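[1] How does the following fold in three dimensions:
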Amino acid sequence: MKWKDVHLKSKLILYIVAGTFLVLITSTAVIISTATSHEEALAYQQSIEMASKYANQFDSDMSENHAIGKTIANFMVEYKSGDRDEVNDILRNLLEQNPNLIGTYVCFEPNAFDGRDSEYIGTEGHDSTGRFIPYWNKLDGPVVLEPLLDYDTLDYYQLPKKLKTDVVTEPYLYEGVIIISYVTPVLRDGEFIGIGGVDVSLNYLDEVVSKIKIFDTGYALATSNTGILLSHPDHKEWIGTITLYDLDVPEISSMADDIRMGKNGHIETVDPTTGKTVILFYEPVKTGKYSFLLVVPKDEMLAGVAVLRNDLIIISTIAIGFMGAIAFLIALSITKPIDEIVYDFKRISDEAVHGKVDSRANTDVEIDFKAIPFGLNDILDSLQKYSEELLKANKELKSLDEMKDNFLANVSHELRTPLTSITGYSQIVCDETLGELNDKQKNAINTVIRNADRLGHLIDSLLYVSEVGAENIEYKFEPVQIAEIIDNSVLDMVLLVEKNELKLEKDVPDNLPSINGDKEKLTVLLNNLIDNSIKFTPKDGRISLIVLDEENCLHIMVKDTGIGIVKEMLPNLFQKFYQIDSSIRRKYGGTGVGLYICKNIVEAHKGKIWIESEEGVGTTVHVKLPK
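    As a prediction, the model looks like this:
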């Protein structure tokens with residue numbers, strides 16, 4: 001049978017039904033895929049942020065404990081009174097005032113404390129040699145004083161003695177309690193004379209972690225960096241006795257390798273205790289040398305995704321069936337030309353396939369055909385509703401990004417106040433207002449001031465990023481001389497240039513015209529660019545500052561003979577928090593916001609910024625600012 005011999009009714013049924021199914025199935029597939037992908041990504045992100053939040057909380061606690069141990073050791077460095085009772089009072093008070101601690105102590109080499117060990121043989125807090133080794137602890141509940149044990153073999157004493165640096169031990173068993181020791185060596189004139197430190201019990205960690213619940217049946221764990229289980233809500237007998245490797249699950253063993261290297265991430269596997277498919281999220285707690293794990297059943301985490309997908313499939317199926325029925329009824333009663341309707345249908349179909357669902361069918365047709373455009377418009381209304389829901393989901397994702405910016409702003413503001421006090425009091429000490437300093441003390445306080453300034457610059461950068469996100473940046477535009485700003489930046493950076501044994505050259509013409517700009521922001525721009533060049537240029541390298549007076553702008557170039565950048569990385573350099581890779585981050589430091597800030601400053605001045613670079617040769621940053 002030839003096509004021309006097919007009845008018009010059959011052709012109409014085929015055309016209308018097939019076209020309708022094509023439009024709806026294609027659009028529905030796109031909508032379902034997009035909506036569920038966004039929902040799934042959001043579920044993963046929420047779980048990652050939850051794991052990170054708990055890890056950061058425990059890391060903060062451990063950092064505070066470490067600071068107490070450092071304070072004890074630093075106090076002992078300067079302590080000259082030789083009063084053992086006074087030191088014991090200090091250790092006991094610190095233990096009583098800090099409930100997270102389970103022990104505070106000092107341990108001195110023989111006769112290193114006051115040269116009177118023989119007078120204290122066998123007394124409280126001393127061993128049979130009279131050595132000063134008081135250990136104030138509450139291992140069994142009440143606060144008691146005992147002499148330290150096994151200091152001649154355990155890492156808590158031997159490692160700081162050998163390395164002469166701070167030590168955070170792996171979790172270990174001491175007198176029946178799993179603890180972590182935070183130890184700092186006591187060094188006088190570079191000679192090791194003892195240690196000061198604190199112990200933290202991980203029993204409290206198991207109590208806190210075991211109470212954490214995620215969704216309906218999800219739970220949390222903690223492990224050491226070597227994979228030893230430190231917490232489990234159900235199998236308490238596993239704590240301190242088995243490792244992640246002992247579970248003999250390939251995915252979990254791979255995760256244990258990441259944890260050993262201090263990495264974070266997530267894996268999908270089968271929970272060996274419940275048999276459920278779970279997503280394991282893991283985050284390191286660097287100060288404590290252990291990691292925090294969230295065990296989230298996959299079906300519970302993605303329950304919202306499944307519900308959304310099923311609802312969309314049901315609605316779409318009903319809509320497709322409804323439109324097919326209308327098409328069939330219309331085809332049975334058609335007796336007049338249908339070219340206009342076919343054309344209209346094809347137009348809408350093409351637009352819908354390409355994602356445009358706001359077009360509507362023409363309803364100004366004969367009475368016999370009105371059901372077709374009205375029915376089609378109903379379907380398009382449904383599709384538009386789904387599109388609006390997708391837009392809403394995207395707005396929620398943007399809201400999460402705004403929450404992150406607000407968090408950065410709040411943390412930066414909270415850091416600013418104590419940093420101001422640190423800088424101010426350090427400067428008073430440096431100026432010798434509180435007393436004369438020796439050379440070592442001057443070097444130490446200058447180190448504090450330099451690092452406080454460095455932290456201040458970091459806080460300023462984070463505040464700027466958060467203000468950009470909140471659109472709160474204010475600019476004070478006025479006529480400025482770019483040569484003057486360059487001179488100021490050179491003065492700001494000259495010490496850092498000399499420290500890194502680099503050469504800094506300027507090629508700035510005389511009588512450059514002024515430009516309309518914000519002097520403070522432009523100084524930040526140039527300081528960031530020069531700082532980047534210093535950071536990535538090896539010893540004996542050269543940094544050049546060049547200004548060209550072009551027809552409508554000043555063309556500024558910051559050129560270096562540094563390590564260069566791979567061409568494929570160049571388009572991403574101005575993204576917020578972008579780093580080339582982890583190895584660069586570890587070697588050169590930085591937060592990844594410098595070039596992002598530079599781009600915002602240049603764009604606020606209606607200028608342009610771009611980068612040219614060749615790996616192993618060097619990098620040139622171009623900035624054009626309108627006159």
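[2] Quick check: Thr273 vs Pro297, distance?
    In this view, Thr273 and Pro297 are 12 Å apart by CB to CB, to the nearest Å. Every residue, glycine included, has its C-beta placed from N, CA and C.
[3] lowest average confidence, helix or strand, in the chain?
    In the chain, the helix or strand scored least confidently by mean pLDDT, DSSP states H and E is helix 582-588, which has a mean of 49.
[4] Give me the mean pLDDT for the next helix or strand along the chain from that helix.
    Proceeding N to C from helix 582-588, the next assigned helix or strand is helix 594-604, under DSSP states H and E. On average, the pLDDT along helix 594-604 is 89.
[5] In CSV, please show the C-alpha coordinates belonging to helix 594-604.
    Extracted in CSV, the C-alpha atoms of helix 594-604 (Å, rounded to 0.1, in the frame of the first residue of the first chain):
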residue,chain,number,x,y,z
GLY,A,594,44.0,37.0,44.4
LEU,A,595,43.3,37.0,40.7
TYR,A,596,39.6,36.8,41.3
ILE,A,597,39.9,40.1,43.3
CYS,A,598,42.1,41.6,40.6
LYS,A,599,39.5,40.8,38.0
ASN,A,600,36.7,42.5,40.0
ILE,A,601,38.8,45.6,40.6
VAL,A,602,39.7,45.9,36.9
GLU,A,603,36.1,45.4,35.8
ALA,A,604,34.9,48.0,38.3
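[6] in that helix, what's buried?
    Judged by neighbour count (16 or more other CB atoms under 10 Å), helix 594-604 contains these buried residues: Gly594, Leu595, Tyr596, Ile597, Cys598, Lys599, Asn600, Ile601, Val602.
[7] I'd like the average pLDDT over the helix or strand hosting Tyr157.
    Per DSSP H and E, Tyr157 falls inside helix 155-163. Taken as a whole, helix 155-163 has a mean pLDDT of 93.
[8] mind listing what the helix or strand just after it pairs with, with the direction of each?
    Downstream of helix 155-163, the first helix or strand assigned by DSSP H and E is strand 167-168. Strand 167-168 has the following sheet partners, assigned by DSSP bridges: strand 177-188 (antiparallel).
[9] mind saving the C-alpha coords of the partner strand as PDB?
    This file holds the C-alpha atoms of strand 177-188, laid out as PDB (Å, rounded to 0.1, in the frame of the first residue of the first chain):
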ATOM      1  CA  VAL A 177      42.300   4.700  78.000                       C
ATOM      2  CA  ILE A 178      42.700   5.600  74.200                       C
ATOM      3  CA  ILE A 179      44.300   9.100  74.200                       C
ATOM      4  CA  ILE A 180      46.000  11.500  71.900                       C
ATOM      5  CA  SER A 181      49.000  13.500  73.300                       C
ATOM      6  CA  TYR A 182      49.800  17.100  72.200                       C
ATOM      7  CA  VAL A 183      53.400  17.600  73.100                       C
ATOM      8  CA  THR A 184      55.800  20.500  72.700                       C
ATOM      9  CA  PRO A 185      59.600  20.300  73.500                       C
ATOM     10  CA  VAL A 186      61.100  22.600  76.100                       C
ATOM     11  CA  LEU A 187      64.200  24.000  74.500                       C
ATOM     12  CA  ARG A 188      66.600  26.400  76.100                       C
END
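[10] in the helix or strand following it, what's buried?
    Counting by DSSP H and E, the next helix or strand C-terminal to strand 177-188 is strand 191-201. The neighbour-count check on strand 191-201 (16+ other CB under 10 Å) flags Phe192, Ile193, Gly194, Ile195, Gly196, Gly197, Val198, Asp199, Val200, Ser201 as buried.
[11] how far is strand 191-201 from where the chain is centred?
    Taking the mean of its C-alpha atoms, strand 191-201 sits 32 Å from the chain's own mean (CA atoms, centre = their mean, to the nearest Å).
[12] And for stretch 123-133?
    Put simply, stretch 123-133 sits 47 Å off its chain's centre (CA atoms, centre = their mean).
[13] How about residues contacting it?
    Applying CB atoms under 8 Å, 6 or more residues apart in numbering, the contact partners of stretch 123-133 are 84, 87-88, 105-110, 113-114, 116-122, 134-135, 145-148, 151, 194.
[14] out of these, which are buried?
    For those, a burial check counting by 16+ other CB under 10 Å picks out 84, 87-88, 105-109, 113, 117, 120, 134-135, 146-148, 151, 194.
[15] Which secondary structure state does Arg92 sit in?
    helix (DSSP: H, G, I helix; E, B strand; the rest coil).
[16] hang on, the earlier thing: can you give me the buried ones in the helix holding Tyr157?
    Residues Tyr156, Tyr157, Leu159, Pro160, Lys161 are the ones in helix 155-163 that count as buried (16+ other CB under 10 Å).
[17] about what we covered before: okay if I get the buried residues of strand 191-201 as JSON lines plus distance to Ile180?
    Shown next, in JSON lines, are the buried residues of strand 191-201 (distance: CB to CB, whole Å):
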{"residue": "Phe192", "distance to Ile180": "22"}
{"residue": "Ile193", "distance to Ile180": "24"}
{"residue": "Gly194", "distance to Ile180": "20"}
{"residue": "Ile195", "distance to Ile180": "15"}
{"residue": "Gly196", "distance to Ile180": "16"}
{"residue": "Gly197", "distance to Ile180": "10"}
{"residue": "Val198", "distance to Ile180": "9"}
{"residue": "Asp199", "distance to Ile180": "7"}
{"residue": "Val200", "distance to Ile180": "5"}
{"residue": "Ser201", "distance to Ile180": "8"}
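[18] In CSV, list the residues you listed along with pLDDT and distance to Ile445.
    Converted to CSV, the buried residues of strand 191-201 look like this (pLDDT from 0 to 100; distance: CB to CB, whole Å):
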residue, pLDDT, distance to Ile445
Phe192, 95, 24
Ile193, 95, 23
Gly194, 96, 24
Ile195, 96, 24
Gly196, 96, 21
Gly197, 95, 25
Val198, 95, 26
Asp199, 92, 31
Val200, 87, 30
Ser201, 83, 36
